[in-house]
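J.: just a sequence and a predicted model for now, questions to come.
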Amino acid sequence: MSTEYADAPAPAPVAEDSGLVGEAVALARETQSWWAAIGFAGRRHLLDRWCRDLADNIDELAALVRAETGKPHGDAALEIGLAIEHLAWASKHAPSVLGRRRVGSTLLAFHVAATVEYLPYGVIGVIGPWNYPVFTPMGSIGYALAGGNAVVFKPSELTPRTGQWLVDSFERAVGRPVLLAVQGGPEVGDALCRSGVDKLGFTGSTGTAKKVMATCAKTLTPVLIEGGGKDALIVDEDGDVEAAAAAAVWGGMSNAGQTCIGVERVLAHTAVYDQVVAAIVREASTVRAGTDDEADLGPITLPKQVGIIQEQVIDATSGGARALVGDGQFPAGATGVGPDSELSDPARLIQPVVLVDTPSGALIQTQETFGPVITVDRVSDMDEAVAAVNSVSYGLGSAVFSRRNGPELARRIRSGMTSVNNVIGFAGLPELPFGGVGGSGFGRIHGADGLREFCYAKSVATQRFTPPVGVTNFERRARVDGIFRTAVTLLHGTRPWQR
Ligand code: NAD
C-alpha cells in the first residue's frame, strides 16, 4: 500500500475564535474599495496574472489536492485546469456582462434616458466542500472577484491547505488581501454567515444548506445555494449504448463517485436495457479503487460517508437488488470507519458497485449516495424515464443518450443542466450557467448568470428634458390623468378590430 497520504501536511490551525472571521471580513471590506476602484481593466490584468500563477504551479496544487482528498493526481489537475478556464473567462467577460449599458425607453417615458449596470455587493463569503476543493469554490470566488467583490473563503475542514494555497497564490499575483481564507468547521462557516458579508455563496450538502439559509435569513443576507444531487443518465432506444455505458461508468465512478453532478442512476429503454447493463458491467469491471498511483479511484474522503454508502447498498440488496459488479460486500472494518481514520485506511477503499433490480422506495433511489455505486433500471419508454428522473427532490445535472430526441428529452428533465450524448459536459463550458433546482439549490455560478449572481443590478433613469405632460407631481389634475389614461388605452387596450 502506498504511504503517500502519510506525508500529507497537517491540517491548518482551526479558527476557534469567530472573531477571526470578523477581522477577515473587515480587512476584505477595506481592500474591496481598492479592488472595485481599479475597474474591469485593472482587475483583468491582475486576475490574468493569477491564472498564470495557477497554471504554472498546477502540479504542486494537484499534489496537495491529492494529499488532502486522496483523488488521483490526474483528476486533481483536471479540476484545476477547468477552474483556470473559468477564471480566465470571468475576467475577460466581466465588462461586457456587468458594465454599464443604455437600455431603451418607452413612449410614455420618452423624456428619460436609462442605463443599467451590475455593481459588486462588496464582500462575498464563500463556503466550500472538499470533493472538488479547487473547481467548486472557484466557481464562486473567480466570478465574484471579476465582478469587483472581495471574498472571504472558508474551505472545507478536510481541505484547508488547498484553500490556503489558493489564497497564497492570489496574494502572489495581486499583492493585496482581496481574497482571504478563514479555516475551521461548521462553527466557522456559521460565523461567516453571521459576519455581515454582503452575500454568501454556499456549496455543500442540502442539509447544511438549510442551516446556512436559516442563519443568513436572520440578517437578510442573500445566499447562493449549490446543494447535492441525484443525477440520472437516460438511454433511449436509439442511444449509442457503448458511449452511454462508458459515460455512466466514468460519470458515476470517477472521484470515487464523490461528485455532485456524478451519475447515480441509469434508466435504459427496455429495447436496449440488456445491452446497456452488459456494457456497464464490462466497463465498471475494469475500474479499480486504490491508494497507488495507477488506481482509477482514490479512497472515500469523508470517513462517515463509507457507512452511508454501505447502508444504501445493503438496504437495496436486502430488498432484492443484485450487485452485478462489486459483490456489495464492503472492506473489513468499513462499518467502523471513524472520524480519525487515515486516507490510507483500506476500509475507505470502495470498489465500483453496479446494482440492478433495485426495489422502488429503496434509499438509493432517492438519496444522494456519493460513492462509486450506480443503479441501472429498465423503463418502457422515455415518458417513464423522464417521470422517474423528475420524481426525486434533487435537480442538479443529468445526461441523455439519444440520436434523435436528445435536446427535446433534455428540456423535459427538471434539472439545472443536462448533457446530451456526453456526461458532465456542461461543467467545462465557462459560458454555461451551473446550478440546480429543488433540493439542489438555486442561483448560478459560471457564465453571465454567474457573474451577475455576485452583483446587484443598478438602474439609473436620467431626465433628458421636461415632458409636456408630467405625471410625477402633485399639480397633476384631471386633464393630465385623462391624457395618461387615453395614452395607456391607446397603447395597450383592446383595438377596435380585436373586439
Ligand atoms: P457539507 O454540507 O458537510 O459541508 C460544506 C461546507 O459547509 C463545509 O465547508 C462545512 O465546514 C460547512 N458547514 C458545515 N456546517 C455548517 C453550518 N452550520 N454553517 C455554515 N457552514 C457549515 O458538505 P461536504 O461534505 O463538504 O460536501 C459534499 C456535498 O456537497 C455533497 O452533498 C455534494 O453533492 C455537494 N456539492 C455540491 C456541488 C454543487 O455545485 N451543487 C459541488 C460540490 C459538492
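T.: Arrived safely. Residues are numbered from 1 along each chain as shown.
J.: what's the neighbour count on residue 149?
T.: 28 (other Cβ atoms under 10 Å). From N, CA and C alone the C-beta is placed, and that goes for glycine too.
J.: cool, residue 411 as well?
T.: By other Cβ under 10 Å, 10 other residues sit near residue 411.
J.: tell me which element it falls in.
T.: For residue 411, the element it lies in under DSSP states H and E is helix 406-412.
J.: show me what contacts the closest residue to residue 100 other than its chain neighbours?
T.: Spatial nearest neighbour of residue 100, chain neighbours left out: residue 117 (3.7 Å); criterion: Cβ to Cβ, 6 or more residues apart in numbering. When contacts are counted by Cβ atoms under 8 Å, 6 or more residues apart in numbering, residue 117 is found next to 98-101, 457-458.
J.: out of those, the closest to residue 137 would be?
T.: Nearest to residue 137 among the contacts of residue 117: residue 98, at 20.7 Å, using Cβ to Cβ.
J.: mind checking how far the closest one is from the ligand?
T.: Look at residue 98 and the ligand: by Cβ to the nearest ligand atom, to the nearest Å, they are 22 Å apart.
J.: pLDDT score for that residue?
T.: In the predicted model, residue 98 carries a pLDDT score of 98.
J.: same question for residue 496.
T.: According to the model, residue 496 carries a pLDDT of 87.
J.: how many other residues sit next to it?
T.: Counted with other Cβ under 10 Å, the neighbours of residue 496 add up to 5.
J.: same deal with residue 58?
T.: Using other Cβ under 10 Å, residue 58 is surrounded by 17 other residues.
J.: per-residue confidence at the closest residue to it other than its chain neighbours?
T.: Nearest-residue entry for residue 58: residue 80, 5.3 Å, with adjacent residues in sequence omitted and distances by Cβ to Cβ, 6+ apart. Taken from the predicted model, the pLDDT recorded for residue 80 is 98.
J.: highest neighbour count among the contacts of residue 117?
T.: Counting neighbours by other Cβ under 10 Å, the top entry in the contacts of residue 117 is residue 98, with 23 neighbours.
J.: assign the residue in the stretch 1-150 of the chain positioned nearest to the ligand to helix, strand or coil.
T.: Residue nearest to the ligand within the stretch 1-150 of the chain (Cβ to the nearest ligand atom): residue 129, separated by 3.1 Å. Secondary structure assignment for residue 129 (DSSP: H, G, I helix; E, B strand; the rest coil): coil.
J.: ok, now which ones touch the residue nearest to residue 58?
T.: Residues 54, 58, 61-62, 65, 134-135 are the ones in contact with residue 80 under the rule Cβ under 8 Å, 6+ apart.
J.: residues in contact with the residue in the stretch 251-400 of the chain that the ligand sits nearest to?
T.: Using Cβ to the nearest ligand atom, the single residue of the stretch 251-400 of the chain nearest to the ligand is residue 260, 3.3 Å away. Listed by Cβ under 8 Å, 6+ apart, the contact set of residue 260 reads 129, 131, 136, 203, 226-229, 396-397, 440.
J.: now do the buried residues in the helix or strand residue 93 falls within.
T.: Assigning secondary structure by DSSP H and E places residue 93 in helix 73-98. Across helix 73-98, burial judged by 16 or more other Cβ atoms under 10 Å covers 73, 75-91, 93-94, 97-98.
J.: helices along the stretch 51-200 of the chain, start to end?
T.: For the stretch 51-200 of the chain, helices defined by DSSP state H, counting those that start in this stretch occupy the ranges 58-69, 73-98, 135-146, 160-174, 186-194.
J.: work out for me the element the closest residue to residue 247 other than its chain neighbours sits within.
T.: Taking Cβ to Cβ, 6+ apart as the measure, residue 247 lies nearest to residue 423, with 3.8 Å between them; neighbours along the chain are not counted. No secondary structure element spans residue 423, as it lies outside all helices and strands (assigned by DSSP H and E).
J.: how does the protein divide into domains?
T.: 3-227+446-456, 231-429, 468-498 (automatic domain parsing).
J.: that older thread, which one (most neighbours) among the contacts of residue 80?
T.: residue 134 (29 neighbours).
J.: what's the burial count for residue 206?
T.: By the criterion of other Cβ under 10 Å, residue 206 has 19 neighbours.
J.: write out the residues of the stretch 101-250 of the chain neighbouring the ligand.
T.: Residues of the stretch 101-250 of the chain lying close to the ligand by Cβ under 6 Å from any ligand atom are 127-132, 136, 154, 156-157, 185-186, 189-190, 193, 203-205, 208, 211-212, 226-229.
J.: can you turn the buried part of those residues into a ChimeraX selection?
T.: Once 16+ other Cβ under 10 Å is used to decide burial, the buried members of these can be selected in ChimeraX as follows:
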select :127,128,129,130,131,132,136,154,156,157,189,190,193,203,204,208,211,212,226,227,228,229
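J.: and whichever residue of the stretch 101-250 of the chain sits closest to the ligand, what is it in contact with?
T.: Taking Cβ to the nearest ligand atom, the ligand has its nearest neighbour within the stretch 101-250 of the chain at residue 189, 2.1 Å off. Contact partners of residue 189, counting by Cβ under 8 Å, 6+ apart, are 127, 154, 208, 212.
J.: run the last query once more with 7 Å
T.: Contact partners of residue 189, counting by Cβ atoms under 7 Å, 6 or more residues apart in numbering, are 127, 154.
J.: one more: residue 118?
T.: Taking Cβ under 7 Å, 6+ apart as the criterion, residue 118 is in contact with 98, 147, 452, 455-457.
J.: got it, and residue 239?
T.: The neighbourhood of residue 239, defined by Cβ under 7 Å, 6+ apart, consists of 272, 401-403.
J.: again, 6 Å this time
T.: For residue 239, the contacting residues are 401-402, taking Cβ atoms under 6 Å, 6 or more residues apart in numbering as the criterion.
J.: distance of it from residue 251?
T.: When Cβ to Cβ, to the nearest Å is applied, the distance between residue 239 and residue 251 equals 14 Å.
J.: kindly report the residues of the stretch 251-400 of the chain close to the ligand.
T.: Contact residues, the stretch 251-400 of the chain versus the ligand (Cβ under 6 Å from any ligand atom): 260, 302, 368, 370, 396.
J.: from those, pick the one nearest residue 162.
T.: Of all these, residue 162 sits closest to residue 302, with 14.9 Å by Cβ to Cβ.
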